[in-house]
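**Student:** dropping a prediction and its sequence here:
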Amino acid sequence: MIHHLIDRVGDWNPQLFRELKGRLKGFNVAIAVGISLIGQLVLFLYQLRELPGERYSLFGKYCRLRSFYEQERSEIFRQSNDLHRQLDGYRNTQPLNSNRIQQLQAQIAQVKTKNSDFESYLSNNFCPTDQLDMQVWWREHWEYIFLSLSVIFIFTLLVAGTYLLINNLATEERRGTLNFIRLTPQSETSILTGKMLGVPILIYLFIFTATPLHFIAGRAANIATSYILSFWAVLVAGCIFFYSAALLFGLCCRGISGFQPWLGSGAVLLFLIVTMRIALSGSSLNYSTAWFTLLSPFDITHYLFPNLFFRRYNSELIEKVQFFYMPIGTNLVGLIGLHLLNYGLWTYLIWQALKRCFRNPNATIFSKGQSYFLVACSQVVLWGFTLQYIENYCPSTSRYKLSSCIHDVNFQIQQNFIWLVLFNFVLLFGLIAILSPHRQTVQDWARYRHHNLSGHQSVWKNSLLLDLILGEKSPPLVAMVIHLVMMTTPLVIWILLAPVLNVHHTRNLNWLINDVGRLNAILGVALFITLIMIYATLAQRMLLMKTAKRSFWAIGTIGAAIFLPPLILGMLHVDSSKYAIVWLFSTFPWASLEYASTPTIFMALLAEFSVLVLLNFHLRKQIRLAGESATKALMSQ
């Protein structure tokens, strides 16, 4: 039966057929199913050990008499506290009333005896079996099983599945069979989908065997079917995202094949642990990088099942999440849709990279056109989660009470400013690494531009500008300018509109209006753009070197250009307030914008722009020489 089903699957997806046929052996299936069944039995029996019996405490959670005895104990404690308070009062009164003090001490002794008898009674007597609330116990028993299985599902599917996929690609690469698979007529989508469905098939079987108990336990715990199905939907979407990322990691990081599976699955495990702690701590999602947190299923799991890890979840934290002020967290459909769309967007981008890298391992992860889409999507997502209506600013001026908080869009953007800059900084350097071609590629491009321009095509299609914007082999400098414009445009618009948005007339914009100044802030953005372009030019120049270690030279050069200037200035204790001009030429010119005049900043910008122009002239000369030398070498053969 199983082999017949596998044969039918082979007609639909040959790669899936290959994976299933190699893994669905009788022994492997028996082991997976057996471990799942034994694990379910152990989980059930582990919780069953807490079953209330004849010796269940009168103060136990499930004893209906608990409230009566708690009231008795509270009354004894109240009497003891009252008597001790009276005794302390008489002892501090002059003259001392010895008779009253002796009476109070006698009464305290009686209360202590009463409390001792009460505690002795509780230790020697147990809750009657007919007073045990077994209905509540069984509901919580099933809830414990359901929540435990939910956590097991998340870690098993995401961590173990990621490990198996990366290990499979590393093994295929080591054996040379991956190149054979690339030559098959199957599409990239078919092959990679077959990998995702087939490689972790034993994990799927392990989870599928436990799914009936998971559903039954959830319904027995009075959890709505819609919540259970929502959890499964988010978990499936999470698996698709993490498995796609694992395939991309396996294809792009082939140099560490032995350590690769452990590194990838370890990163996923660390991510899940950190996001689980964040979800349990009750952090809100009113920050620009909330999309990153939402890649973990723990936030929605804690929302759907508030008693996860026996901690009551404050659902308002996730219900208040917005996107460009749209209240998408007010209902379950909106929250599930948010998670699925977030997974869907990043999975789509990963698959664009997978399709490029699978057939040609030497191809860049993204084309220039795809990189524009990536940057545009990232900016929309970042600013969408930044712009949320939250009463986050509490002025301390005399016009407001300390408890009076308001929503201030400028304050909200300022709170997320560091995350916006940090994410874009990392993204920019990632794009420089991805899009910068190596020496041979640039040589081919320069020779093509020099000799193979077709007169039959339109001027625009033959234009150098179009090639620099979209060309696969051209240097990425024009593309980096476009990326920088896309990233900094929202920031510049905010700097210009910030005073208009200050409808509450708060003082949190003093740094932008009085200290730094809007013009200086815009010049600071221009300095940032110029610096990034200098780094991109240096990286491309290093990649034109003839040495085989050109990538390390590029990384080392950019790293030195970024970290050495501020490190040297810091070691020399150069104060940015006293030597603003020096810091303007460092990696972090923003530290001195407040202390530098506008003409000084403009001159620094002009100087850095001159350096950028000279570097680009030198780079252009090197590319032309590389193309000419390659052409001469080709002609001499």
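**Tutor:** All right, it came through fine. It should be emphasised that the depicted structure is a prediction, and the values quoted were computed from it without experimental measurement.
**Student:** tell me which residues in stretch 196-210 are buried?
**Tutor:** Going by neighbour count (16 or more other C-beta atoms under 10 Å), the buried part of stretch 196-210 is 196-207, 209-210. C-beta: built from backbone N, CA, C; applies to glycine.
**Student:** for it, what is the distance to the chain centroid?
**Tutor:** 25 Å (C-alpha atoms, centre = their mean, to the nearest Å).
**Student:** contacts for it?
**Tutor:** Applying C-beta atoms under 8 Å, 6 or more residues apart in numbering, the contact partners of stretch 196-210 are 13, 15-16, 18-20, 23-24, 28-29, 31-33, 35-37, 39-40, 149, 152-153, 156-157, 160-161, 164-165, 168, 240, 243-244, 247.
**Student:** nearest to Phe231, of the buried residues of stretch 196-210?
**Tutor:** Ile207 (12.7 Å; C-beta to C-beta).
**Student:** for the helix or strand encompassing the closest one, give the mean pLDDT please.
**Tutor:** Following DSSP states H and E, one finds Ile207 within helix 201-220. For helix 201-220, the mean pLDDT works out to 95.
**Student:** can you map out the helices along the stretch 451-600 of the chain?
**Tutor:** Using DSSP state H, counting those that start in this stretch, the helices of the stretch 451-600 of the chain run over 459-462, 464-470, 477-501, 510, 518-542, 550-571, 580-584, 598-636.
**Student:** which of those has the lowest average pLDDT?
**Tutor:** Among the helices of the stretch 451-600 of the chain, helix 459-462 scores lowest, at a mean of 53.
**Student:** and the contacts of stretch 196-210, which are buried?
**Tutor:** Buried residues within the contacts of stretch 196-210, counting neighbours by 16+ other C-beta under 10 Å: 13, 15-16, 18-20, 23-24, 32-33, 36, 39-40, 149, 152-153, 156-157, 160-161, 164-165, 168, 240, 243-244, 247.
**Student:** take the residues you listed and keep only those in strands.
**Tutor:** Among these, none falls in strands (DSSP state E).
**Student:** among the residues you listed, which are located in helices?
**Tutor:** 15-16, 18-20, 23, 32-33, 36, 39-40, 149, 152-153, 161, 164-165, 168, 240, 243-244, 247 (DSSP state H).
**Student:** which residues does Ala220 contact?
**Tutor:** Contact analysis of Ala220 by C-beta under 8 Å, 6+ apart lists Trp138, Arg139, Trp142.
**Student:** any weak-confidence spans in the stretch 51-200 of the chain?
**Tutor:** 90, 94-97 (pLDDT under 70).
**Student:** tell me where it has helices.
**Tutor:** Under DSSP H, counting those that start in this stretch, the stretch 51-200 of the chain gives helices at 66-91, 98-124, 134-155, 161-175, 177-182, 188-198.
**Student:** CA atoms of the fourth one as CSV?
**Tutor:** When you say that, I think you mean helix 161-175. Listed next in CSV are the C-alpha coordinates belonging to helix 161-175 (Å, rounded to 0.1, in the frame of the first residue of the first chain):
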residue,chain,number,x,y,z
GLY,A,161,13.7,19.6,10.2
THR,A,162,16.2,22.4,9.5
TYR,A,163,19.1,20.1,10.5
LEU,A,164,17.9,17.3,8.2
LEU,A,165,17.5,19.6,5.2
ILE,A,166,20.9,21.3,5.6
ASN,A,167,22.6,17.9,6.3
ASN,A,168,21.0,16.4,3.2
LEU,A,169,22.2,19.2,0.9
ALA,A,170,25.7,18.9,2.4
THR,A,171,25.7,15.1,1.9
GLU,A,172,24.5,15.5,-1.7
GLU,A,173,27.2,18.1,-2.4
ARG,A,174,29.9,16.0,-0.9
ARG,A,175,28.9,12.9,-2.9
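**Student:** which residues sit against it?
**Tutor:** Against helix 161-175 from outside (C-beta under 8 Å, 6+ apart): 178, 181, 195-196, 199-200, 203, 239, 242-243, 245-247, 249-251, 254, 257-258, 260-262, 264-265, 268.
**Student:** list the buried residues of it.
**Tutor:** Buried residues in helix 161-175, counted by 16+ other C-beta under 10 Å: Gly161, Thr162, Tyr163, Leu164, Leu165, Ile166, Asn167, Asn168, Leu169, Ala170, Glu172, Glu173.
**Student:** now, which of those sits nearest Thr93?
**Tutor:** Taking these together and measuring to Thr93 by C-beta to C-beta, the closest member is Thr162, at 73.6 Å.
**Student:** how much space separates the closest one from Asp515?
**Tutor:** Applying C-beta to C-beta, to the nearest Å, the value for Thr162 to Asp515 is 47 Å.
**Student:** go on, Val421?
**Tutor:** 18 Å.
**Student:** what do you get for Tyr287?
**Tutor:** From Tyr287 across to Asp515, the span is 24 Å (C-beta to C-beta).
**Student:** and these two? Which one has more around it.
**Tutor:** Tyr287 (19 against 13; other C-beta atoms under 10 Å).
**Student:** which segments of the chain make up each domain?
**Tutor:** For the chain, the domain assignment from automatic domain parsing gives the residue ranges 2-48+143-358, 73-112, 376-384+406-452+459-636.
**Student:** any idea which of those domains gets closest to Leu58?
**Tutor:** Judging the domains of the chain by C-beta to C-beta, what sits closest to Leu58 is domain 73-112, at 10.4 Å.
**Student:** how far off centre is that closest one?
**Tutor:** 60 Å.
**Student:** span of it from start to end?
**Tutor:** 12 Å (C-alpha to C-alpha, to the nearest Å).
**Student:** adjust the sequence numbering to begin at 232 for everything that follows.
**Tutor:** Done: numbering now begins at 232, and the last item shifts to domain 304-343.
**Student:** next, the buried residues of it.
**Tutor:** Here domain 304-343 shows Ile307, Gln310, Ser311, Leu314, Gln317, Leu318, Leu335, Gln338, Ile339, Val342 as buried, counting by 16+ other C-beta under 10 Å.
**Student:** any figure for the gap between the fourth one and Leu353?
**Tutor:** For Leu314, the distance to Leu353 under the criterion C-beta to C-beta works out to 22 Å.
**Student:** do the same with the fifth one
**Tutor:** As defined by C-beta to C-beta, Gln317 lies at a distance of 27 Å from Leu353.
**Student:** what of the first one?
**Tutor:** Distance, Ile307 to Leu353, using C-beta to C-beta: 12 Å.
**Student:** mutual contacts of the two, please.
**Tutor:** What both Ile307 and Leu353 touch, as defined by C-beta under 8 Å, 6+ apart, is an empty set.
**Student:** need phi/psi at Phe554.
**Tutor:** For Phe554, the backbone dihedrals (degrees, to the nearest 10) come out as phi -140, psi 110.
**Student:** that one - how many residues pack around it?
**Tutor:** With other C-beta under 10 Å as criterion, Phe554 counts 21.
**Student:** who's it bridged to?
**Tutor:** With DSSP bridges as the criterion, Phe554 is bridged to Met557.
**Student:** please name the residues that touch it.
**Tutor:** Residues near Phe554 by C-beta under 8 Å, 6+ apart: Leu569, Gly615, Phe616, Gln619.
**Student:** which SSE is the second one in?
**Tutor:** Secondary structure assigned from DSSP H and E places Gly615 in helix 599-617.
**Student:** quick check, Lys551 in contact with Tyr534.
**Tutor:** No. Under the criterion of C-beta atoms under 8 Å, Lys551 is not in contact with Tyr534, lying 11.8 Å apart.
**Student:** more neighbours, the two?
**Tutor:** Tyr534 (23 against 16).
**Student:** for that one, which non-adjacent residue is closest in space?
**Tutor:** Spatial nearest neighbour of Tyr534, excluding adjacent residues (C-beta to C-beta, 6 or more residues apart in numbering): Ile549 at 5.0 Å.
**Student:** in the helix or strand hosting the one you found, what's buried?
**Tutor:** Using DSSP H and E, Ile549 sits in helix 547-550. For helix 547-550, burial by neighbour count (16+ other C-beta under 10 Å) applies to Leu548, Ile549, Glu550.
**Student:** show me what whichever helix or strand comes after it is packed up against.
**Tutor:** Where DSSP H and E defines the elements, the next helix or strand beyond helix 547-550 is helix 563-590. Judged by 3 or more C-beta pairs under 8 Å, 6 or more residues apart in numbering; DSSP states H and E, the packing partners of helix 563-590 are helix 419-429, helix 456-483, helix 529-535, helix 599-617.
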